[in-house]
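1. Here is my input; please provide its structure:
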Amino acid sequence: MRAPAAVTDGTGSFSIEEIEVGEPRPDEVLVEVRAAGICHTDWDSLSWGEPLVLGHEGAGVVLQVGSEVTHVQPGDRVLLNWAISCGVCFQCAAGNHALCETNSPVIRSRPWSGHAHPQGTLRRGEPIRRSFNLGAMCTHALVRREAVVPIEAEISFAAACIVGCGVMTGYGSVVNAAKVQPGSSVVVIGVGGVGLNVVQGARIAGAATIIAVDRQSSRFEMARRFGATHTVRSAPDDRDLASAASEIRQLTQGRGADYAFECTAVPELGAAPLAMVRHGGTAVQISGIEQEITIDMRLFEWDKSYLNPLYGKCNPTVDFPRIFRLYEKGDLLLDELVTQTYSLDELGRAFDDLHHGRNAKGVVLLSP
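-> Reported below is the predicted structural model:
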């Protein structure tokens with residue numbers, strides 16, 4: 001079938017055009033995508049050097065399943081998941097499903113490589129890969145069966161789709177990676193889409209003090225709504241957040257927080273959480289900084305830990321149902337995260353809003 005999609009040429013630009021999407025093979029599912037989240041990784045993927053169908057946060061309805069697919073059927077509401085676990089490799093056996101040595105698209109050298117079956121999707125008669133093996137910014141996605149998780153909650157597609165990356169990364173980094181303890185103190189550097197999910201993950205985990213740090217004070221109202229107990233506005237000339245760290249020590253009995261999470265993707269702030277945690281504290285970098293940076297090793301003194309988890313150490317079959325249960329209880333906010341929706345033709349404006357920090361999360365609405 002022909003399906004409208006956002007397609008990048010791999011050299012920094014994109015266009016909206018029709019592509020051809022085939023029928024599912026035995027281990028595949030054809031999904032009518034209803035909503036796709038927008039994040040900085042989608043913008044980065046414009047320059048990955050290869051044509052791609054954009055998008056890696058998606059939710060929709062199953063249209064057709066292959067003969068080997070048993071966990072979903074046509075008509076089911078589903079969330080797309082890019083971290084496919086084989087279940088048997090070394091990392092999967094150790095419980096590190098996002099690090100699957102067989103299927104993970106980021107472990108296999110390129111964020112769009114792996115078992116993508118590109119021949120199922122054609123652009124101008126030639127196979128084209130789907131970003132993160134999903135390509136969610138298309139009205140129809142042909143994906144592996146492991147990439148499809150049933151949505152077992154009364155929730156809009158716009159709110160559901162963002163669970164598949166931004167929500168899982170923030171919330172999972174708190175509860176799965178750092179294992180934030182009740183009564184603890186937490187610093188969140190950058191309270192955009194991912195940072196807000198760190199804030200509410202910390203609240204759900206029972207943290208007593210949650211300090212939101214950002215250069216845009218306009219974000220603090222939402223941060224408080226999601227669970228922040230204190231806010232610290234960092235000055236534009238406070239490049240390494242040393243002044244902010246000093247203020248945080250004053251808020252934490254002079255010793256620093258138990259946990260600090262970096263959520264800005266700014267390379268210069270890669271070491272910032274180390275300066276904000278106490279001796280024996282835990283610093284967590286979750287925004288995907290991959291550039292080479294220099295760190296003063298004295299920041300590790302003493303007995304500090306530095307974590308760099310992938311995708312909140314996601315185990316989709318366990319974490320997604322748990323997140324939806326928390327949503328239905330009213331503990332985890334998802335509708336409130338979606339601050340703007342767009343049509344596929346408005347993707348350029350959506351990327352501009354992303355860069356200027358106008359949204360917590362923006363979402364593209366696709367099929368009706």
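2. can you pull out the strands in the stretch 201-350 of the chain?
-> Here the stretch 201-350 of the chain has its strands, by DSSP state E, counting those that start in this stretch, at 209-214, 230-233, 257-262, 277-285, 305-307, 338-342.
3. What is the second one packed up against?
-> Looking back up the chat, that one is strand 230-233. With contacts taken as 3 or more Cβ pairs under 8 Å, 6 or more residues apart in numbering; DSSP states H and E, strand 230-233 sits against strand 209-214, helix 220-226, helix 242-251. In this view, the C-beta of every residue, glycine as well, is placed from N, C-alpha and C.
4. which stretches of this structure have low pLDDT?
-> By pLDDT under 70, the low-scoring segments of the chain are 107-119, 368.
5. repeat that for 80
-> For the chain, the stretches with pLDDT under 80 are 104-119, 367-368.
6. re the thing from before, most packed of the helices and strands packed on strand 230-233?
-> strand 209-214 (a mean of 26; mean count of other Cβ atoms under 10 Å).
7. partners of that one, with directions?
-> strand 185-189 (parallel), strand 230-233 (parallel) (DSSP bridges).
8. As TSV, the helices and strands packed on strand 230-233 with distance to Gly192 would be great.
-> Output for the helices and strands packed on strand 230-233, formatted as TSV (distance: least, Cβ to Cβ, whole Å):
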stretch	distance to Gly192
strand 209-214	8
helix 220-226	10
helix 242-251	16
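9. Of all those, which one is nearest Arg25?
-> helix 220-226 (41.5 Å; Cβ to Cβ).
10. Give me the residues contacting that closest one.
-> Applying Cβ atoms under 8 Å, 6 or more residues apart in numbering, the contact partners of helix 220-226 are 188, 191, 195-196, 199-200, 203, 212, 214, 228, 231, 233, 333, 336, 360.
11. Most neighbours out of those residues, which is it?
-> Counting by other Cβ atoms under 10 Å, Val188 has the largest number of neighbours within the contacts of helix 220-226, with 33 neighbours.
12. List the contacts of that one.
-> Counting by Cβ under 8 Å, 6+ apart, Val188 makes contact with 195, 198-199, 202, 210-213, 223, 228, 260-261, 263.
13. Relative to Arg215, how far out is Pro236?
-> Using Cβ to Cβ, to the nearest Å, we find Pro236 at a distance of 6 Å from Arg215.
14. So between the two, which is more surrounded?
-> Taking other Cβ under 10 Å, Pro236 and Arg215 do not tie; Arg215 has more neighbours (16 against 6).
15. and the more buried one, how far is that from Ala5?
-> Taking Cβ to Cβ, one finds Arg215 at 35 Å from Ala5.
16. And Val69, by the same measure?
-> From Val69 to Ala5 the distance is 23 Å (Cβ to Cβ).
17. neighbour-wise, which of these two wins?
-> A direct count of neighbours by other Cβ under 10 Å for Val69 and Ala5 places Ala5 higher, at 30 against 19.
18. How about the contacts made by that one?
-> Ile16, Glu17, Glu18, Ile19, Val53, Leu54, Gly135, Met137, Cys138, Thr139, Leu344.
19. ok, which stretches of the stretch 1-150 of the chain are strands?
-> Ranges of strands in the stretch 1-150 of the chain, per DSSP E, counting those that start in this stretch, are 2-8, 14-21, 28-38, 52-53, 58-65, 77-80, 121-123, 126-127, 129-130, 140-144, 148-150.
20. residues near the closest residue to Leu142 other than its chain neighbours, how many?
-> Spatial nearest neighbour of Leu142, chain neighbours left out: Gly120 (4.5 Å); criterion: Cβ to Cβ, 6 or more residues apart in numbering. For Gly120, the neighbour count with other Cβ under 10 Å is 19.
21. Also Ile162?
-> 28.
22. Kindly confirm my reading that it is in a helix.
-> Yes: assessed with DSSP: H, G, I helix; E, B strand; the rest coil, Ile162 lies in a helix.
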